[in-house]
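*Asks:* Predicted model follows, preceded by the sequence.
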Amino acid sequence: MQNYRRHRIKLDRLDPNTGKAHLDLGDFCRANGLHSIAIKEYETALSMDKSLADAAKQKITDARNEDAGQKFEEAKKQSLQKKWERANELLSDIVNHYSDTPYFEDAKKEIEKIVEAIKKDNEDKKKMLEDKKKADENKTVKGKEDLEKALLAQSLDAVKEAETAWGEGLEWEGKENITNADKSWKNAEARILLAKRNLEVLLKS
């Protein structure tokens, strides 16, 4: 931004009717990375003073090459950072407006590389999502299996507890303690019902 302001200041101060002044201003802009403005200044100088034709044309060529080169290097930098949209914009600009520079063919090849890079990145993301989905499914299956094992184990324990409680009920009955016998039998019945419910759940799954 500062270089643009300096360019405006110099532009306001130069003699607008002197081609050499525009040529020099173009050199300033080019030295400070303002290639597109530099080219316009060289073109202005060329249109105002035909004696500057050779120098201006050469400077225009050099400025265009430098501008294309700068865009190309920035595009490669953006591409390495996976900022492919910006990289493609820069490369497309070279292909569309700088076909007379040495970077034209390289820009086309770089665009092809970006297309392949985007394709590979999308494939990697797709695989990552598929792997995550598969892992989640396996986790769900394992969780279901663990639950089924827990229910089965609980059912087996309940049956054993029912057998024990039933035996205790018979012992209490032999001792003519009907109250305790009834409690034991009810406990046995409750454990059997628990085992039955668990087995029904397992059969449905």
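*Replies:* Structure received. Numbering: from 1, shown residues only.
*Asks:* so how many other residues sit close to Ala190?
*Replies:* Counted with other CB atoms under 10 Å, residues neighbouring Ala190 total 14. (Glycine included, C-beta is placed from N, CA and C.)
*Asks:* likewise Ala162?
*Replies:* By other CB under 10 Å, 20 other residues sit near Ala162.
*Asks:* Skipping adjacent residues, who's closest to it in space?
*Replies:* Arg191 (3.9 Å; CB to CB, 6 or more residues apart in numbering).
*Asks:* What of Ile39?
*Replies:* Closest to Ile39 by CB to CB, 6+ apart is Ala63, at 5.0 Å.
*Asks:* And the one you found, how far from Gln78?
*Replies:* From Ala63 across to Gln78, the span is 22 Å (CB to CB, to the nearest Å).
*Asks:* Settle this for me: Leu34 is touching His7, isn't it.
*Replies:* Yes. Judged on CB atoms under 8 Å, Leu34 makes contact with His7 at a distance of 6.1 Å.
*Asks:* Compare the two and say which is more crowded by neighbours.
*Replies:* Leu34 (21 against 18).
*Asks:* For Tyr42, see how far away that one is.
*Replies:* To Tyr42, Leu34 is 12 Å away according to CB to CB.
*Asks:* try Glu112
*Replies:* Taking CB to CB, one finds Glu112 at 33 Å from Tyr42.
*Asks:* Between these two, which has more neighbouring residues?
*Replies:* Tyr42 (29 against 10).
*Asks:* quick check: mean pLDDT across the helix or strand hosting Lys139?
*Replies:* In the assignment (DSSP states H and E), Lys139 maps to helix 104-174. Summarised as a single mean, pLDDT over helix 104-174 is 85.
*Asks:* continuing past that helix, what's the next helix or strand?
*Replies:* Following helix 104-174 in sequence, per DSSP H and E, is helix 178-204.
*Asks:* Would you agree Asp15 is in contact with Ala21?
*Replies:* Yes. Counting by CB under 8 Å, Ala21 is a contact partner of Asp15 at 5.2 Å.
*Asks:* between those two, which one's more packed in?
*Replies:* Ala21 (20 against 9).
*Asks:* quick one: pLDDT of the more buried one?
*Replies:* Confidence score, pLDDT, at Ala21: 89.
*Asks:* In contact with it, which residues?
*Replies:* Ala21 makes contacts with Leu14, Asp15, Ala45, as judged by CB atoms under 8 Å, 6 or more residues apart in numbering.
*Asks:* 6 Å - rerun?
*Replies:* Leu14, Asp15 (CB atoms under 6 Å, 6 or more residues apart in numbering).
*Asks:* again, but for the one 4 residues further on
*Replies:* With contact taken as CB under 6 Å, 6+ apart, Leu25 is in contact with Lys10, Glu41.
*Asks:* mind checking the SS state of it?
*Replies:* At Leu25 the chain is in helix, as set by DSSP: H, G, I helix; E, B strand; the rest coil.
*Asks:* how close does it get to Lys59?
*Replies:* Between Leu25 and Lys59 the computed distance is 11 Å (CB to CB).
*Asks:* for Ile9, same thing?
*Replies:* In terms of CB to CB, Ile9 sits 21 Å off from Lys59.
*Asks:* re the thing from before, so which of Ala63 and Gln78 has more stuff around it?
*Replies:* Ala63 (23 against 19).
*Asks:* Alright, I will stop here.
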